[in-house]
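# Here is a sequence together with a model predicted from it:
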Amino acid sequence: MEIHTFFLYLLVILLTARVFAEVASRLSTPPVIGEILAGVLLGPSLLGWIEPVESLRLLAEIGIILLLFEVGLDTDIKRLVRSGVKAVIVALPGFFLPFLSGFALAFWVFELPLLVSLFIGGTMTATSIGITVRVLADLNRQNSREGQIVLGAAVLDDILGVVLLALLYEFSIGGGISVGNTSKVLVFIAAFFVLAPIAARLISLVIKHFDEVSEIPGLITTTMVSLVLFFAWLAHAVGAPELLGGFAAGLALSRRFFLPLGVALRSDPQFANRIEKQMKPVIHLFTPIFFVVVGLSLNLREIDWGSTFIWLFSLSLFLIAVVGKLAGALVLKESWQMRLMIGTAMVPRGEVGLIFAELGRVSGIFTNEVYAGMIIVIALTTLLPPLVMKWFYGRYGHTMSAVSEHSRDGIS
């Protein structure tokens, strides 16, 4: 591609993504939906102006790594500990039931290959903590009883999801499905998450020292991006997806992490806030490119919309995606309003589900029809729950608040 053409493509992508995200936000819809629609509009599905060429995919790869860095940065392990057993009760069925049901549906009902079925099940496990946090914050319920359970469960789902993603990545690149490959990845992940916080703590102390004496602005941003890219390279070097490195870097640098770095940063919360504040603009520049490329990669014209497969496949997975997340919440000893609210808040797949789907497409595992079905399910599970949550709180919010105020046992 000519360099001036690339510049024009990038300009159109960034501006269109921003406009569509703003419109989506004003319509009380997650901005990620608007960014995907921007890609659908610009790509082969509608206008056909832009193709997902290699240079754009490279920028999208940076975006996905930074996106997982942000997910790790926002992960609060202490919240999971505080929310206790109830968060685990919500999270584990909400992770394993959609995975097993999605796999069973794809493998035995639709007779798809084993690896394809595993990826489909994996995509169903995700919970978008970013969207959930945004909706709860908009409703001023993030610190409520149910809010703490939801956020704790979403943290656990994120961690389990990234581990599963690393396993599926290993299977997809030709290692095959075997106990040996699984053990190798699990050992790496365990070592990575133990060593990463220690390394990041030492690096952060060095960065803080040089930031205090540097006379040139931008040191934190430069060094943080370099650290994320290094972790991504290190993850690939040992046979895991690059985005796992981004997640580990964010988790290690989170001021809410409970390992040694968390202690170091809690002693200087201003520095921790500066890291997060200065990284946000970089993250928000690259991540929309990833979502637009998702839309660009989806060619709706090649799909036979008259086929019963796409509709049965999408509808079946959508039901699994919803029921699987509701199941864990329904067994809690809470009011029915709170149980439904917790389950609904766990449904959005959002960016985490898109990461699974995109890895399946890039690896050549998903056909265009299967990929389209996955995008439809992810879009519906991302779009509908925030609307349901806002309506539900508007109708039952006072009742739920009264129950929480009269509860003296707290979150066990």
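Arrived safely. Numbers count the residues shown, from 1 in each chain.
# Now do the SS call for Ala252.
What DSSP: H, G, I helix; E, B strand; the rest coil gives for Ala252 is helix.
# I'd like the distance between it and Ser128.
Using CB to CB, to the nearest Å, Ala252 is found at 22 Å from Ser128. C-beta coordinates here come from the backbone N, C-alpha and C atoms, glycine included.
# swap in Leu15?
Leu15 sits 25 Å away from Ser128, going by CB to CB.
# Of the two, give the one with the bigger neighbour count.
Between Leu15 and Ser128, counting by other CB atoms under 10 Å, Ser128 is the more crowded of the two (28 against 11).
# who's in contact with the more buried one?
The contact partners of Ser128, by CB atoms under 8 Å, 6 or more residues apart in numbering, come to 30, 154, 348-353, 382.
# what's the pLDDT at it?
At Ser128, the pLDDT value in this model is 79.
# again, but for Ser363
Per the predicted model, pLDDT is 83 at Ser363.
# Find the residue closest to it in space, skipping its chain neighbours.
Closest residue to Ser363 apart from its sequence neighbours, by CB to CB, 6 or more residues apart in numbering: Ser172 at 4.1 Å.
# Hmm, Pro113 and the one you found touching each other?
No - contact criterion CB atoms under 8 Å: Ser172 and Pro113 do not qualify, at 11.7 Å.
# neighbour count winner among these two?
Ser172 (20 against 11).
# which residue is nearest the middle of the chain?
By CA atoms, centre = their mean, the chain has its centre lying nearest to Val352, at 2.5 Å.
# That residue and Ile378: what is the separation?
9 Å.
# Equivalent analysis for Leu253, please.
Applying CB to CB to Leu253 and Ile378 gives a distance of 28 Å.
# after the lowest-mean-pLDDT helix or strand in the chain, next one along is what?
Sorted by mean pLDDT, DSSP states H and E, the helices and strands of the chain end with helix 260-266, the least confident at a mean of 43. Next helix or strand after helix 260-266 toward the C-terminus (DSSP states H and E): helix 269-296.
# packing partners for that next one?
The contact analysis (3 or more CB pairs under 8 Å, 6 or more residues apart in numbering; DSSP states H and E) places helix 269-296 against helix 3-26, helix 31-42, helix 54-73, helix 179-213, helix 219-237, helix 260-266, helix 350-362.
# what distance separates the fourth one from the centre of its chain?
Averaging C-alpha coordinates over helix 179-213 and over its chain gives two centres that are 20 Å apart (CA atoms, centre = their mean, to the nearest Å).
# State the mean pLDDT of that helix.
For helix 179-213, the per-residue pLDDT averages 74.
# the inter-axis angle of it versus helix 54-73?
Orientation check (axes from the mean of the first three to the mean of the last three CA atoms, to 10 degrees): helix 179-213 against helix 54-73 gives 80 degrees.
# quick one, helix 179-213 and helix 269-296 angle?
Here helix 179-213 runs at an angle of 130 degrees relative to helix 269-296 (the same axes, to 10 degrees).
# Show me which positions of stretch 367-387 end up buried.
Residues of stretch 367-387 classed as buried by neighbour count (16 or more other CB atoms under 10 Å): 370-386.
# isn't Ile310 right up against Asp304?
Yes - using CB under 8 Å, Ile310 is in contact with Asp304, at 7.2 Å.
# Give the residue from these two that has the larger number of neighbours.
Using other CB under 10 Å, the more surrounded residue of Ile310 and Asp304 is Ile310, with 17 against 9.
# On the three-state scheme, the more buried one is what?
Secondary structure for Ile310, judged by three-state DSSP, is helix.
# So which other helices or strands are in contact with whichever helix or strand Pro98 is part of?
Assigned by DSSP H and E, Pro98 belongs to helix 77-104. Contact here means 3+ CB pairs under 8 Å, 6+ apart; on that basis helix 77-104 packs against helix 114-123, helix 145-170, helix 308-330.
# List the buried residues of it.
By 16+ other CB under 10 Å, the buried positions in helix 77-104 come out as 77, 79-80, 83, 86-91, 93-99, 101-103.
# Next, the angle helix 145-170 makes with it.
60 degrees.
# Of the buried residues of stretch 367-387, which belong to strands?
Among the buried residues of stretch 367-387, no member falls in strands (DSSP state E).
# Now for Ile310 and Asp304: what residues contact both?
Glu369.
# And the spatially closest residue to Ser128 that is not a sequence neighbour, how far from Val225?
Leaving aside its sequence neighbours, Ser128 sits nearest to Gly350 (CB to CB, 6+ apart; 2.7 Å). As for Gly350, its distance to Val225 is 23 Å (criterion: CB to CB).
# In terms of packing, which of those two has more residues around it?
The neighbour count for Gly350 versus Val225, taken as other CB under 10 Å, is higher for Gly350 (27 against 19).
# In this structure the more buried one contacts Thr29, no?
No - here Gly350 does not reach Thr29: they are 11.6 Å apart, not a contact under CB under 8 Å.
# Report the separation between the residue nearest to the centre of the chain and Ile129.
Noted for Val352: a distance of 8 Å to Ile129, by CB to CB.
# got any residues that touch both of these two?
71, 158.
# I'd say Ala327 and Pro93 touch.
Yes - under the criterion of CB under 8 Å, Ala327 makes contact with Pro93 at 4.8 Å.
# Mind listing the shared neighbours of the two?
The contact sets of Ala327 and Pro93 do not overlap (CB under 8 Å, 6+ apart).
# How far does the lengthiest helix in the chain sit from its chain's centre?
Scanning the chain for the longest helix, with DSSP state H as the assignment, gives helix 368-406. Offset of helix 368-406 from its chain centre (CA atoms, centre = their mean): 16 Å.
# For that helix, enumerate the helices and strands it packs against.
helix 31-42, helix 114-123, helix 129-138, helix 145-170, helix 308-330, helix 336-345, helix 350-362.
# among the ones you listed, which gets the worst mean confidence?
Of all those, mean pLDDT reaches its minimum on helix 129-138 (a mean of 74).
# do you know how far the residue found closest to Val23 once you drop the neighbours it is linked to in the chain is from Phe318?
Closest residue to Val23 apart from its sequence neighbours, by CB to CB, 6+ apart: Gly34 at 5.9 Å. The gap separating Gly34 from Phe318 is 21 Å, by CB to CB.
# give me the number of residues near Ser183?
10.
# contacting residues around it?
So Ser183 contacts nothing (CB under 8 Å, 6+ apart).
# Next one: the closest residue in space to Ile342 that isn't next to it in sequence relative to Gln337, how far apart?
Among residues not flanking Ile342 along the chain, Ala329 sits closest, at 4.1 Å (CB to CB, 6+ apart). Relative to Gln337, Ala329 is positioned 11 Å away (CB to CB).
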